[in-house]
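Trainee: Sequence first, then the predicted structure, then my questions.
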Amino acid sequence: MKRDMDLVRELLLYFEAKSEAPGIHAAEVRIDDYTEDQIVLHLNIMAEAGLLICEPFRSSTNPERFIRTFVFDLSWAGHEYLDTIRDPKIWKKTKAGLSRIGNWSFGVALELAKGFALSEARKLGLPLPA
C-alpha cells in the first residue's frame, strides 16, 4: 500500500483532538474515505517514524510486523510536524510543491512545509532569519 500523506495529516489532527482519551485502538479510528486497513497501516508507519506515542503489538513470527497499534497521543515530532502542516493553505502549497518534485521523502515534505510557513510569517512582517 502506498503512503498517503493526506491520511497522515488527518490522523495527526484526529489524535490531537483525542489527546485526553486514555488510548485508542487503531481499529476504532474512523477517517472519511479511508478503509480500516489503510488507517491501521498508516498508524503503524507513523509509529515507526516516531510521530505517535503508542503501544504496538508485534507478530510473534515476524517482530518487524505490527499486528495492532494502541495510540495514546502524538509524540513531540508528531506535534512539530502537525504544527508545520496544520494550516490548509500551507498544506495545499506543500502538496503542490511535492507534486512538482516528483519523488520525495518525509524529510523533504517537512522542510518544504517549514519553508512555506516561514514565508507566510515573513509576509506578516515577523523578524525571522533569512
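Mentor: Received the coordinates, thanks.

Trainee: quick one: residue 105 from residue 112, how far?
Mentor: 11 Å (Cβ to Cβ, to the nearest Å). For the C-beta atoms, the positions are set from N, CA and C on the backbone; glycine is no exception.

Trainee: between these two, who's got more neighbours?
Mentor: Counted by other Cβ atoms under 10 Å, residue 105 and residue 112 do not tie: residue 112 has more neighbours, with 21 against 8.

Trainee: mind listing what that one touches?
Mentor: 94, 97, 98, 101, 104 (Cβ atoms under 8 Å, 6 or more residues apart in numbering).

Trainee: if you set the cut-off to 10 Å instead, what comes out?
Mentor: Counting by Cβ atoms under 10 Å, 6 or more residues apart in numbering, residue 112 makes contact with 84, 85, 90, 93, 94, 95, 96, 97, 98, 101, 104.

Trainee: Next, count neighbours for the second one.
Mentor: The number of residues packed around residue 85, counting by other Cβ under 10 Å, is 24.

Trainee: domain parsing for this structure?
Mentor: Domain assignment for the chain by automatic domain parsing gives 5-75, 87-123.

Trainee: which of those is buried the deepest?
Mentor: For these, average neighbour numbers computed from mean count of other Cβ atoms under 10 Å are highest in domain 5-75, which has a mean of 16.

Trainee: in this structure, which spans are helices?
Mentor: 5-17, 36-48, 76-85, 88-101, 106-123 (DSSP state H).

Trainee: Out of the ones you listed, which gets nearest to residue 25?
Mentor: helix 36-48 (9.6 Å; Cβ to Cβ).

Trainee: What mean pLDDT does that closest one get?
Mentor: On average, the pLDDT along helix 36-48 is 87.

Trainee: CA atoms only for that helix, dumped as PDB, please.
Mentor: The C-alpha coordinates for helix 36-48 follow below in PDB (Å, rounded to 0.1, in the frame of the first residue of the first chain):
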ATOM      1  CA  GLU A  36      -9.600   0.400   8.300                       C
ATOM      2  CA  ASP A  37      -6.700  -1.300   6.600                       C
ATOM      3  CA  GLN A  38      -5.400   2.000   5.200                       C
ATOM      4  CA  ILE A  39      -5.700   3.600   8.600                       C
ATOM      5  CA  VAL A  40      -4.000   0.800  10.500                       C
ATOM      6  CA  LEU A  41      -1.100   0.600   8.100                       C
ATOM      7  CA  HIS A  42      -0.600   4.400   8.300                       C
ATOM      8  CA  LEU A  43      -0.700   4.300  12.100                       C
ATOM      9  CA  ASN A  44       2.000   1.600  12.000                       C
ATOM     10  CA  ILE A  45       4.300   3.500   9.700                       C
ATOM     11  CA  MET A  46       3.600   6.700  11.700                       C
ATOM     12  CA  ALA A  47       4.700   4.800  14.800                       C
ATOM     13  CA  GLU A  48       7.800   3.700  13.100                       C
END
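
Trainee: Much appreciated, bye for now.
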